[in-house]
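> Below: sequence and its predicted model.
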Amino acid sequence: MARRLIPTIMILSALLVLGGCLMDATVDANGAGVMTVKYRLTNEAQFEPTKKRFESTHVKLTSASVDKDKWGTFEIKFDDVTKLPTAPFFASATISLTDGEAGTKLLSIKQVNKNPSKLSDEMVAYFGKDVTVSVNLPGEVVKSNATTTKDKTVAWKYPMNDFVSAPEVSMNATFKPGTGKETQKTTAEGGTAEPAAKGSGQGEKENPQQPAHKSGK
């Protein structure tokens, strides 16, 4: 199976996140931040070359590991979220952080897949069924096209085949800097924020529809 998966992983590695993977990021008030990316490798020989794909002038790999089932975990820090695409792993993404209305900021992520195609059931079973992108922002989210929002955190969750077969995927979130509850996540400076109040999940909002995928037509 590994030989049949190799061409697929070469295509998927150009995406913002891979099938079955989790990308969990925290962005601070200056646009810097940290991120953890987890996805399954096709073989252990991919591990060292993949580490280099997370490096650039603006992006530094701080930790990397792979387990016995070939799940790789990569932790990075970046000095400017809009410069993430300077690292080869994120090269097919465009990220902007711009001023919005009434003192808000808009984070926009556009992922372009130049070779969209669906994967076989075998590949979906290997890589995982879903792609999840989670971003903790430096202010309360007031609007987004995310699957769920909770105070400062937005999360997009896609069925893996929907993500890899879409010519373009757009994610955006509008937030008001300096507002909202802190969540306990590592900051770009290496510290931790105060944890958010725990409860029964009240305050978490789920969007009724998955984020729209543009057909590129």
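Received the coordinates, thanks.

> Which of the three states applies to the closest residue in space to residue 137 that isn't next to it in sequence?
For residue 137, ignoring the flanking residues on the chain, the nearest one in space by CB to CB, 6 or more residues apart in numbering is residue 175 at 4.5 Å. For every residue, glycine as well, the C-beta is placed using N, CA and C. Secondary structure, DSSP: H, G, I helix; E, B strand; the rest coil: residue 175 is strand.

> likewise residue 29?
Under three-state DSSP, residue 29 comes out as coil.

> Please apply the same query to residue 77.
Put simply, residue 77 is strand when judged by three-state DSSP.

> So it is in contact with residue 34, correct?
Yes: using CB atoms under 8 Å, residue 77 is in contact with residue 34, at 4.9 Å.

> Could you list the low-pLDDT ranges of the chain?
1-20, 180-217 (pLDDT under 70).

> Tell me where it has strands.
22-27, 33-40, 59-66, 71-78, 93-99, 105-112, 130-136, 139-144, 148-150, 153-159, 168-177, 204-206, 213-214 (DSSP state E).

> any idea how far the residue nearest to residue 94 when sequence neighbours are not counted is from residue 146?
Leaving out its chain neighbours, the residue that sits closest to residue 94 by CB to CB, 6+ apart is residue 110, at 4.6 Å. Counting by CB to CB, to the nearest Å, the gap from residue 110 to residue 146 is 15 Å.

> With neighbour numbers in mind, choose between these two.
Using other CB atoms under 10 Å, the more surrounded residue of residue 110 and residue 146 is residue 146, with 24 against 16.

> and the spatially closest residue to that one that is not a sequence neighbour, how far is that from residue 27?
Using CB to CB, 6+ apart and skipping residues adjacent in sequence, the residue nearest residue 146 is residue 154, 3.9 Å away. For residue 154, the distance to residue 27 equals 11 Å [CB to CB].

> what residues are shared contacts of those two?
Common contacts of residue 154 and residue 27, defined by CB atoms under 8 Å, 6 or more residues apart in numbering, comprise 135, 137.

> What count of nearby residues applies to residue 178?
Neighbour count of residue 178, defined by other CB under 10 Å: 10.

> who touches it in this structure?
Taking CB under 8 Å, 6+ apart, one finds 29, 138-139 in contact with residue 178.

> Show the buried residues in those.
By neighbour count, with 16 or more other CB atoms under 10 Å, the contacts of residue 178 hold 138-139 as buried.

> Dump the contacts of residue 178 to JSON lines, plus distance to residue 55.
Shown next, in JSON lines, are the contacts of residue 178 (distance: CB to CB, whole Å):
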{"residue": "29", "distance to residue 55": "25"}
{"residue": "138", "distance to residue 55": "25"}
{"residue": "139", "distance to residue 55": "29"}
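
> List just the nearest of the contacts of residue 178 to residue 68.
Using CB to CB, residue 138 comes nearest to residue 68 of the contacts of residue 178, at 37.2 Å.
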